[in-house]
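A.B. asks: after the sequence you'll find the predicted model.
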Amino acid sequence: MNPRPRALITGASSGLGRGYARTLAAEGYDLVLVARDADRLNQLAEQVRTTQSTHAEAAVADLSTRDGIDAVNEIIATQPIDVLINNAGFGLRGTLLDTDAAELDALDRVLAGAVRELSLAAARRMQSRGRGGIINVSSLAAVTTMGQYAASKASTLVFTEALAGELRGGPVTVTAVLPGFIRTEFHSRLGVERPGPGLIWLSVDQVVRESLRDARAGKVVSVPGWGYRIAALVAPVVPRPLMRWGSAGFSFARTRDH
């Protein structure tokens, strides 16, 4: 009897990571769930164990720290991981000039540095086993100039494309996912209101479904939602001064209690 496939998901305790966890558990995957929030992580692990009769391991780790990255690297080195989903992330409330350098470094480590290290560790192990897939959650913000978040997401996009080039023709695939706005807790945690009309907001289920489909088809870049796919196609031909102007003019309305 073949062992069940195993997926490791970072940022699994909420939002998109939680969506990936529920979907893959329903498909018969065993899970390694990684996040900082121990209570929510253990709750999710117990939920998928109970409802899907699958094995779910909760690994509490802060990927903004060396110890956290090392702990997940150790899991990759000692367990057969068939799918790695680098989804952990957060945003900053302030501008570049208003934010402490340590906060910017922590953001970049989670959004780019940890993604790079874990992807390379997993890719090497997957190559030796002859199979595997990596999904790195970037953002459509990667094509803008909206602060360190955009800069780090752009780094992850370029890294993923470069790694995909090195893996081309082999048994291991790597896909960058560029979501637009998703209905998660991301904006409420930042203390900002959701901008724009409701129709621009995608559900977690749609993003998970479309990105998994694209990754399994071997696509290097996945942009869920037809409207966002058009935006991604248009973005490269937008003059950079215009992109900078648009990025500088885009601001979230702060909620009154922040």
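C.D. replies: On my side now, so go ahead.
A.B. asks: mind checking how far residue 87 is from residue 176?
C.D. replies: Here residue 87 is placed at a distance of 12 Å from residue 176 (Cβ to Cβ, to the nearest Å). From N, CA and C alone the C-beta is placed, and that goes for glycine too.
A.B. asks: between those two, which contacts overlap?
C.D. replies: Listed as contacting both residue 87 and residue 176 by Cβ atoms under 8 Å, 6 or more residues apart in numbering are residue 137.
A.B. asks: by mean pLDDT, flag the weakest helix or strand of this structure.
C.D. replies: Across the helices and strands of the chain, mean pLDDT, DSSP states H and E gives its lowest value to helix 186-190, namely a mean of 47.
A.B. asks: moving C-terminal of that helix, what's the next helix or strand?
C.D. replies: Next along the chain after helix 186-190, taking DSSP states H and E as the criterion, comes helix 204-216.
A.B. asks: which strands or helices does that next one pack on?
C.D. replies: On a contact count with 3 or more Cβ pairs under 8 Å, 6 or more residues apart in numbering; DSSP states H and E, helix 204-216 meets helix 15-26, strand 132-137, strand 172-177, strand 221-222.
A.B. asks: so which residues make contact with the shortest one?
C.D. replies: It refers to strand 221-222. Residues contacting strand 221-222 (Cβ under 8 Å, 6+ apart): 157, 160-161, 175-178, 210-211, 214-215, 232.
A.B. asks: what is the nearest of those to residue 50?
C.D. replies: Nearest to residue 50 among these: residue 211, at 26.1 Å, using Cβ to Cβ.
A.B. asks: quick check: that closest one touching residue 138?
C.D. replies: No. Applying Cβ atoms under 8 Å, one finds residue 211 not in contact with residue 138, separated by 10.8 Å.
A.B. asks: anything in contact with each of those two?
C.D. replies: With Cβ under 8 Å, 6+ apart as the test, residue 211 and residue 138 both reach residue 177.
A.B. asks: tell me which of those two has more neighbours.
C.D. replies: Each of residue 211 and residue 138 has its neighbours counted (other Cβ atoms under 10 Å); residue 138 has more, 31 against 25.
A.B. asks: run through the chain and note the low-pLDDT ranges.
C.D. replies: Where the chain drops to pLDDT under 70, the residues are 1-2, 183-200, 249-258.
A.B. asks: how does it look with 50?
C.D. replies: For the chain, the stretches with pLDDT under 50 are 187-188, 190-194, 197, 252-258.
A.B. asks: ok, which stretches of it are strands?
C.D. replies: Applying DSSP state E to the chain gives strands spanning 6-10, 30-35, 56-60, 83-86, 132-137, 172-177, 221-222.
A.B. asks: and of these, who's closest to residue 203?
C.D. replies: With Cβ to Cβ as the measure, strand 172-177 is the member of the strands of the chain nearest residue 203 (14.6 Å).
A.B. asks: relative to strand 132-137, how tilted is that closest one?
C.D. replies: Per axes from the mean of the first three to the mean of the last three Cα atoms, to 10 degrees, the angle that strand 172-177 makes with strand 132-137 is 10 degrees.
A.B. asks: list the buried residues for strand 172-177?
C.D. replies: Of the residues in strand 172-177, 172-177 count as buried by neighbour count, 16 or more other Cβ atoms under 10 Å.
A.B. asks: and which of those is nearest residue 142?
C.D. replies: residue 176 (8.3 Å).
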